[in-house]
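# no FASTA, just this:
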């Protein structure tokens, strides 16, 4: 499955490279625009591969009390931030920005900031789960922004190539359609996580005391997982 996704992405990327080369040589923008929708499939397939904070998204939503609408907003925020950060890094190309870049397709400084903030969210969820009473979650969009601070490596590749060929607009346009595809995949993860949590909680709904305990356990476990994973990644990556 993973290899098939990689080959699918490679096929689209090579076709995109040809399109950008033709534009650079004075080709037709209409032909490129006809190709642009492939970015949706490109982004959706790319988001299915490891990374893109799917585990963070699923863990957070499984432990929160967010409804489907809030879950979709969180996933859209994550996708937007994830792609936009990569576009900004490529477009600005400032010496200050390059300090944060360790190797092609990575931004270690932003990654550590993202993981550190997510770890704090995890600690907050554990603390809240230990308090008396049920508390509503309002930090969902913040989680989307924090997780999205890790730039999309494929967007960086696309943008860098387009800029090197003198057609940055083509890269931005394709990145926008990629963002739609990534958002579709992340939204599916969000909905499945929320439906799983709601089905589990509905089983205990007729037992108020048990419902409260299970709710706190899920939130506490999700918070602990976020904090633990964030700490482990900061120390070992």
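Right, received. Where do you want to start? Everything numeric here is computed off the predicted structure, so don't read it as measured data.

# Can you show me the helices along this protein?
Assigned by DSSP state H, the chain shows helices spanning 2-24, 29-35, 38-48, 54-63, 68-92, 95-99, 108-130, 140-148, 153-164, 168-203, 208-236.

# okay, these in JSON lines with mean neighbour count and mean pLDDT next?
For every residue, glycine as well, the C-beta is placed using N, CA and C. Output for these, formatted as JSON lines (neighbours: other Cβ atoms under 10 Å; pLDDT from 0 to 100):
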{"stretch": "helix 2-24", "mean neighbour count": "15", "mean pLDDT": "88"}
{"stretch": "helix 29-35", "mean neighbour count": "13", "mean pLDDT": "90"}
{"stretch": "helix 38-48", "mean neighbour count": "22", "mean pLDDT": "92"}
{"stretch": "helix 54-63", "mean neighbour count": "24", "mean pLDDT": "79"}
{"stretch": "helix 68-92", "mean neighbour count": "21", "mean pLDDT": "89"}
{"stretch": "helix 95-99", "mean neighbour count": "10", "mean pLDDT": "43"}
{"stretch": "helix 108-130", "mean neighbour count": "19", "mean pLDDT": "70"}
{"stretch": "helix 140-148", "mean neighbour count": "22", "mean pLDDT": "76"}
{"stretch": "helix 153-164", "mean neighbour count": "21", "mean pLDDT": "87"}
{"stretch": "helix 168-203", "mean neighbour count": "19", "mean pLDDT": "90"}
{"stretch": "helix 208-236", "mean neighbour count": "16", "mean pLDDT": "72"}
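
# Who are the contact partners of residue 5?
By Cβ atoms under 8 Å, 6 or more residues apart in numbering, the contact list for residue 5 reads 45-46, 48-49.

# what's the closest of these to residue 61?
In terms of Cβ to Cβ, no member of the contacts of residue 5 lies closer to residue 61 than residue 48, at 17.9 Å.

# That closest one contacts residue 185, correct?
Yes: with contacts counted by Cβ atoms under 8 Å, residue 48 reaches residue 185, the gap being 5.8 Å.

# ok, of the contacts of residue 5, which one's closest to residue 23?
Closest to residue 23, out of all of the contacts of residue 5 and judged by Cβ to Cβ, is residue 46, at 21.9 Å.

# thinking the closest one is in contact with residue 178, fair?
Yes: with contact defined as Cβ under 8 Å, residue 46 reaches residue 178; the gap is 7.1 Å.

# tell me, what's touching these two both at once?
152, 154.

# Give me the nearest residue to residue 162, chain neighbours excluded.
residue 171 (2.9 Å; Cβ to Cβ, 6 or more residues apart in numbering).

# quick one: the one you found and residue 161 touch, right?
Yes: using Cβ under 8 Å, residue 171 is in contact with residue 161, at 7.1 Å.

# quick one: common contacting residues for those two?
Taking Cβ under 8 Å, 6+ apart as the contact rule, residue 171 and residue 161 both touch residue 20.

# can you tell me the distance between the two ends of stretch 49-65?
Counting by Cα to Cα, to the nearest Å, you get 27 Å between the two ends of stretch 49-65.

# Could you check how far that stretch is from the centre of its chain?
Centroid separation between stretch 49-65 and its chain, computed with Cα atoms, centre = their mean, to the nearest Å, is 9 Å.
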